[in-house]
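[1] no sequence for this one, just the structure:
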């Protein structure tokens with residue numbers, strides 16, 4: 001049985017991926033400090049976090065699902081080289097997914113030091129530990145479509161020039177370069193993944209679709225930053241994990257960079273109207289656009305389709321229908337929390 005280690009595996013992407021890999025009969029181990037956007041930070045009363053108690057329930061659901069699937073979790077800070085090294089060397093993984101990072105562009109801009117510490121420090125440790133393994137362990141590094149900066153002209157493919165506009169995108173591009181350089185020098189296989197506009201159950205990152213749904217559940221207007229015509233390549237979490245499973249220990253993925261997205265953007269206004277269709281009594285209003293966010297759109301996924309047989313199955317209508325259904329259930333289950341109205345981020 002092949003062994004897969006997920007560093008940061010109790011996060012939004014990580015726990016979905018862990019469950020998907022387990023169903024494919026991989027031996028899966030999760031390492032997570034539970035700090036960034038997770039239980040430790042939410043339980044600290046000094047932090048200002050929207051919907052704290054509600055999100056703690058969601059995080060507990062993640063951990064319950066991992067336990068039910070018999071996926072062990074090591075509570076370790078990936079910034080601690082010695083402790084991470086012991087876990088990796090004891091487990092001897094065949095593949096390592098590095099998911100530990102600050103995965104939110106606006107938070108990266110507000111707190112660049114913490115972003116660097118939790119993103120680049122964990123990458124540095126992981127690269128140095130993986131290079132010491134004797135089994136040509138595959139390292140999968142999570143980057144972002146933010147590395148492209150403004151999408152100019154047609155949908156960018158993996159060879160499109162990258163020109164990130166914010167700290168988050170710059171750190172991701174730097175991480176790509178460092179991971180590929182380690183691969184060149186030390187000879188272990190690296191795969192880079194660039195997702196985009198993820199959404200789905202058990203996310204607490206306050207991404208735009210999550211905020212839309214939570215506002216709708218409170219009978220508040222859906223707030224769009226800008227005129228709403230800008231498109232995002234919204235990607236349902238199950239589509240991302242299907243692509244990640246397909247590149248796991250796949251020689252066709254070694255040394256490659258992949259856009260793993262829906263491959264077809266939809267405007268923010270279209271997304272808001274789909275949510276509005278599930279909540280007919282809510283309105284839509286506009287606020288100024290954050291100029292630090294690049295102008296994006298569709299990504300080209302032909303490479304993943306060709307090399308990995310990747311085929312996303314969720315258009316935005318289907319994905320949002322499933323997401324709203326899950327949200328209504330978990331919201332009703334936790335209505336005793338008497339959640340106060342929250343603003344948008």
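    Arrived safely, thanks for sending. What you see is a predicted model; the values in this text were computed from it and never measured. Numbering: from 1, shown residues only.
[2] gap between the two ends of stretch 194-213?
    25 Å (Cα to Cα, to the nearest Å).
[3] residue ranges with poor pLDDT in this structure?
    Residues of the chain that meet the criterion pLDDT under 70 lie in 36-38, 43-50, 102-111, 113, 336-345.
[4] Which parts of it are strands?
    With DSSP state E as the criterion, the chain has strands at 3-7, 27-31, 73-74, 95-98, 138-142, 190-194, 198-199, 222-225, 231-232, 235-236, 257-259, 266-267, 284-287.
[5] Tell me which of those approaches residue 308 most closely.
    Closest to residue 308 of the strands of the chain is strand 257-259 (Cβ to Cβ; 7.1 Å). (Each C-beta comes from the backbone N, C-alpha and C, glycine too.)
[6] The closest one pairs with which strands, and in what direction?
    Next to strand 257-259 in the sheet, as set by DSSP bridges, lie strand 190-194 (parallel).
[7] Tell me which residues are up against the strand it pairs with.
    Contacts to strand 190-194, defined as Cβ atoms under 8 Å, 6 or more residues apart in numbering, come from residues 138-145, 147, 158, 176, 179-180, 182-183, 243-244, 247, 253-261, 299.
[8] likewise stretch 171-187?
    Contacts to stretch 171-187, defined as Cβ under 8 Å, 6+ apart, come from residues 108, 115-116, 119-120, 123-124, 127, 130-131, 136, 139, 141, 143-144, 146-147, 162, 164, 188-190, 192, 255, 257.
[9] And it, what's buried?
    171-176, 178-180, 182-183 (16 or more other Cβ atoms under 10 Å).
[10] Same list (those residues) but as CSV, adding distance to residue 42.
    Output for the buried residues of stretch 171-187, formatted as CSV (distance: Cβ to Cβ, whole Å):
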residue, distance to residue 42
171, 23
172, 24
173, 30
174, 29
175, 26
176, 30
178, 30
179, 30
180, 35
182, 33
183, 36
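[11] List just the nearest of the residues you listed to residue 320.
    Ranked by distance to residue 320 (Cβ to Cβ), the buried residues of stretch 171-187 are led by residue 172 at 26.1 Å.
[12] What separation is there between that closest one and residue 148?
    According to Cβ to Cβ, to the nearest Å, residue 172 stands 10 Å off from residue 148.
[13] overlap in contacts of those two?
    Common contacts of residue 172 and residue 148 (Cβ under 8 Å, 6+ apart): residue 164.
[14] Just list the residues touching residue 255, thanks.
    Residues in contact with residue 255, defined by Cβ under 8 Å, 6+ apart, are 180, 183, 189-191.
[15] and which of the residues you listed is nearest residue 23?
    Nearest to residue 23 out of these is residue 191 (Cβ to Cβ; 20.7 Å).
[16] Confirm for me that residue 313 is in contact with residue 240.
    No: counting by Cβ atoms under 8 Å, residue 313 does not reach residue 240; the two are 11.4 Å apart.
[17] Which of those two has more residues huddled nearby?
    The neighbour comparison of residue 313 against residue 240 (other Cβ atoms under 10 Å) goes to residue 240, with 26 against 11.
[18] Relative to residue 112, how far out is residue 175?
    Taking Cβ to Cβ as the measure, residue 175 falls 14 Å from residue 112.
[19] right, I mislabeled it, should have said residue 206
    Residue 206 is 19 Å from residue 112, by Cβ to Cβ.
[20] More neighbours: which of the two?
    Each of residue 206 and residue 112 has its neighbours counted (other Cβ under 10 Å); residue 206 has more, 19 against 16.
[21] For residue 93, see how far away the spatially closest residue to residue 188 that is not a sequence neighbour is.
    Distance criterion Cβ to Cβ, 6 or more residues apart in numbering; nearest residue to residue 188, sequence neighbours excluded, is residue 136 at 5.4 Å. The gap separating residue 136 from residue 93 is 11 Å, by Cβ to Cβ.
[22] who has more neighbours, the two?
    residue 93 (25 against 12).
[23] give the contact list for that one.
    Residue 93 makes contact with 3-5, 29, 133, 137, according to Cβ under 8 Å, 6+ apart.
[24] returning to that earlier point: tell me which of the buried residues of stretch 171-187 is nearest to residue 279?
    Once Cβ to Cβ is applied, the member of the buried residues of stretch 171-187 that ends up nearest residue 279 is residue 172, at 33.9 Å.
[25] Most neighbours among the contacts of residue 93, which one?
    The most neighbours of any of these, using other Cβ under 10 Å, belong to residue 4, which has 27 neighbours.
[26] so who does it touch?
    Applying Cβ under 8 Å, 6+ apart, the residues near residue 4 are 21, 26-29, 93-97, 248.
[27] make it 10 Å
    Contacts of residue 4 were listed using Cβ atoms under 10 Å, 6 or more residues apart in numbering, and they are 17-18, 21-22, 24, 26-30, 91, 93-97, 138, 140, 245, 248-249.
[28] just to revisit the earlier point, give me the common contacts of residue 136 and residue 93.
    Shared contacts of residue 136 and residue 93 (Cβ under 10 Å, 6+ apart): residue 130.
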